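> Turn this into a model:
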Amino acid sequence: MAHFAELDMSNTVIRVLTACNYDIANNGGELSLNAAKHFETICPLTPMGVKYVQTSYNNNFRKKFAGIGMKFNENLNMFITPQPYASWTLDSNGDWNAPVAKPITFTKFYANEELDIRDKYDWNESILNWVIRETF
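Numbers count the residues shown, from 1 in each chain. Below you'll find the predicted structure:
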């Protein structure tokens, strides 16, 4: 089954709907504007909606399967998750990056036992750096 994301004026996903592959194939094919327009005749836009954009459940195109609140970035032709923090920037792959690289490894000794706690870092926006999560 094909899927379409309904977008508002700011390209934010309002909802995601399922379409019949037959309708897609007979109205321009995958990723075509004709298929999106045809889907609009089958399932009219909501009052806030301005257009449909096809999305891939298997992430075969447009980076990620669209979800409510995500943005469609027309320049990158991708669905992008919301910006996690004001200091983070979007790269050309559609990924958000912190201004400081996340530490790769850190080893903490506790009760004479070595614990590997990589991926136990959280971003702290107030200091613009990664901090170790105290409980994990």
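> which residues in this protein form helices?
21-25, 33-42 (DSSP state H).
> buried set for stretch 68-88?
70-72, 78-80 (16 or more other CB atoms under 10 Å). Heads up, the C-betas are built off the backbone N, CA and C, glycines and all.
> Can you flag which of those residues belong to strands?
Judged by DSSP state E, strands contain the following of the buried residues of stretch 68-88: 71-72, 78-80.
> Count the neighbours of Thr55 for me.
Other residues near Thr55 come to 24 when the count uses other CB atoms under 10 Å.
> Quick check: closest non-adjacent residue to it.
Ala66 (3.9 Å; CB to CB, 6 or more residues apart in numbering).
> Glu30 now?
Per CB to CB, 6+ apart, closest to Glu30 is Ile24, 6.3 Å.
> Ok, Val131 next?
Nearest to Val131 is Asn124, by CB to CB, 6+ apart, at 4.8 Å.
> Show me where this structure has its strands.
2-7, 13-19, 51-55, 71-73, 78-80, 89-90, 96-97, 107-110, 113-116, 121-124, 129-132.
> domain assignment for the chain?
Following automatic domain parsing, one finds the domains of the chain at 2-82, 98-136.
> What score does the nearest residue to Gly29 once chain neighbours are set aside have for pLDDT?
Closest residue in space to Gly29, ignoring its immediate chain neighbours: Ala35 at 6.5 Å, by CB to CB, 6+ apart. We have a pLDDT of 93 for Ala35.
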